[in-house]
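A.B. asks: quick one, what's the 3D model for this:
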Amino acid sequence: MTTLLVTHPCFIDHDTGFGHPERPDRMRAIDKVLGHESYAALSRMEAPLRDDVETQIVLAHPRQHFEQMRRAGEQAIGESRLVRIDGDTVMSPGSWEAALRAVGAGLQAVDEVMAGRATNAFAQVRPPGHHAESDRAMGFCFFSSAAIAALYARAKHGCERIAVVDFDVHHGNGTQDVFWSDKDCFYGSTHQMPLFPGTGELSETGVGNIFNAPLREGDGGDHFREAFSERILKPLHNFGPDFIVISAGFDAHRRDPLGGLQLVEADFMWATEKLARIAEGHAHRRMVSMLEGGYDLDGLAKSVGVHVRTLMDVGS
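C.D. replies: The predicted structure follows:
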């Protein structure tokens, strides 16, 4: 078995407007790295437009939210313009397909891993998802893709204890909101505080299933690894997940313009290895990683490169 890469050319067509940090060049930068011959062993698949995507999205979002996003997408297509959801979140004529394929990438990755056709998978997608609350798009995100993938692993494949672990510099308020009252859903997050979206305090614990590890501006790898080990990995081991989804944001990199943490590529490699060990011990190595943030193109590309290389190494 090997590591699966799921992506699609349409992710470049999600146009967020001039000067927006969540821009199509993010995909191009990653494509350049993962197109190198050293990644030739990756299994590759296009993110599908699945017939069941609406059914799976409503595992995490009310149908009213799905319809609201669909109407915004259709408006952008019909009027050939950008439709603003909020100050940060924009629909363009190419956004609706990208949003559906981003969710579809996570669903397909879960299917491939659960069927044993891949050990693990990386979904190179945009728009990101972890800020999308159950009934609210925000923070560049329309649908909570990582949470949907995890809930799908339970609904479709019978995984009883599902986990999302998030190392984006911003707290995944959307994933936390979706999982808040479900004791069989684990959410763990390291993130900078104070910072957008303002959630992620230690005191936010849901029904004992939410584990936040806030970091301060300027914190580097030592603080990150300590917080990740104590506040995320230990309770995750105790939870005993059947399936792990990573919300893989790389904007905690020291070069990133939207955060103030000082992580480097080696820190993301370390976190990936640690999560793989827990997946091996509890989940038959079953793990899917989904791209979230990362807005410095060089830092993003290098970090994704080591993240995917680590997935390949642990999956071989």
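
A.B. asks: CA atoms of stretch 115-122 as CSV?
C.D. replies: Output of stretch 115-122 as CSV, limited to C-alpha atoms (Å, rounded to 0.1, in the frame of the first residue of the first chain):
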residue,chain,number,x,y,z
ALA,A,115,-10.9,-0.3,1.5
GLY,A,116,-7.2,-0.9,2.0
ARG,A,117,-6.2,0.6,-1.3
ALA,A,118,-4.1,3.2,0.5
THR,A,119,-2.5,3.3,3.9
ASN,A,120,-3.2,7.0,4.3
ALA,A,121,-4.1,10.0,2.1
PHE,A,122,-3.5,13.7,1.7
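
A.B. asks: can you point out the buried residues in it?
C.D. replies: Buried residues in stretch 115-122, defined by neighbour count with 16 or more other CB atoms under 10 Å: 118-122. C-beta here means a position set from N, CA and C on the backbone, and glycine is covered the same way.

A.B. asks: tell me the mean pLDDT over it?
C.D. replies: Stretch 115-122 comes out with an average pLDDT of 97.

A.B. asks: how far is that stretch from where the chain is centred?
C.D. replies: Mean-position distance between stretch 115-122 and its chain equals 17 Å (CA atoms, centre = their mean, to the nearest Å).

A.B. asks: now do the helices in the chain.
C.D. replies: Secondary structure of the chain, counting by DSSP state H: helices at 25-34, 53-57, 63-79, 95-114, 145-157, 173-179, 221-227, 234-239, 265-282, 297-315.

A.B. asks: which residues are in contact with the second one?
C.D. replies: For helix 53-57, the external contacting residues (CB atoms under 8 Å, 6 or more residues apart in numbering) are 50, 66, 100, 103-104, 107, 143, 148, 151-152, 155.

A.B. asks: again, 7 Å this time
C.D. replies: With CB atoms under 7 Å, 6 or more residues apart in numbering as the test, helix 53-57 has contacts from 66, 100, 103-104, 107, 143, 148, 152.

A.B. asks: try stretch 23-33
C.D. replies: Under CB under 7 Å, 6+ apart, the answer for stretch 23-33 is 11-12, 14, 16, 124, 126, 294, 297, 300-301, 304-305.

A.B. asks: list just the nearest of these to residue 269.
C.D. replies: residue 305 (9.8 Å; CB to CB).

A.B. asks: that closest one - how many residues pack around it?
C.D. replies: Other residues near residue 305 come to 20 when the count uses other CB atoms under 10 Å.

A.B. asks: residue 17 contacts residue 91, correct?
C.D. replies: No - with contact defined as CB atoms under 7 Å, residue 17 does not reach residue 91; the gap is 10.6 Å.

A.B. asks: the more surrounded of the two?
C.D. replies: Ranked by neighbour count (other CB under 10 Å), residue 17 and residue 91 place residue 91 first, with 28 against 11.

A.B. asks: residues in contact with the more buried one?
C.D. replies: 72-73, 76, 82-83, 85.

A.B. asks: CA atoms of stretch 162-174 as PDB?
C.D. replies: Only the C-alpha atoms of stretch 162-174 are listed here, as PDB (Å, rounded to 0.1, in the frame of the first residue of the first chain):
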ATOM      1  CA  ILE A 162     -13.400   9.400  15.100                       C
ATOM      2  CA  ALA A 163     -10.800  12.100  15.600                       C
ATOM      3  CA  VAL A 164      -9.800  15.400  14.000                       C
ATOM      4  CA  VAL A 165      -6.400  16.800  15.000                       C
ATOM      5  CA  ASP A 166      -5.700  20.400  13.900                       C
ATOM      6  CA  PHE A 167      -2.300  22.100  13.900                       C
ATOM      7  CA  ASP A 168      -3.300  25.200  11.800                       C
ATOM      8  CA  VAL A 169      -2.200  28.500  13.400                       C
ATOM      9  CA  HIS A 170      -5.900  29.400  13.700                       C
ATOM     10  CA  HIS A 171      -8.300  27.500  15.900                       C
ATOM     11  CA  GLY A 172     -10.800  25.300  14.000                       C
ATOM     12  CA  ASN A 173     -13.900  26.800  15.500                       C
ATOM     13  CA  GLY A 174     -16.000  25.000  12.800                       C
END
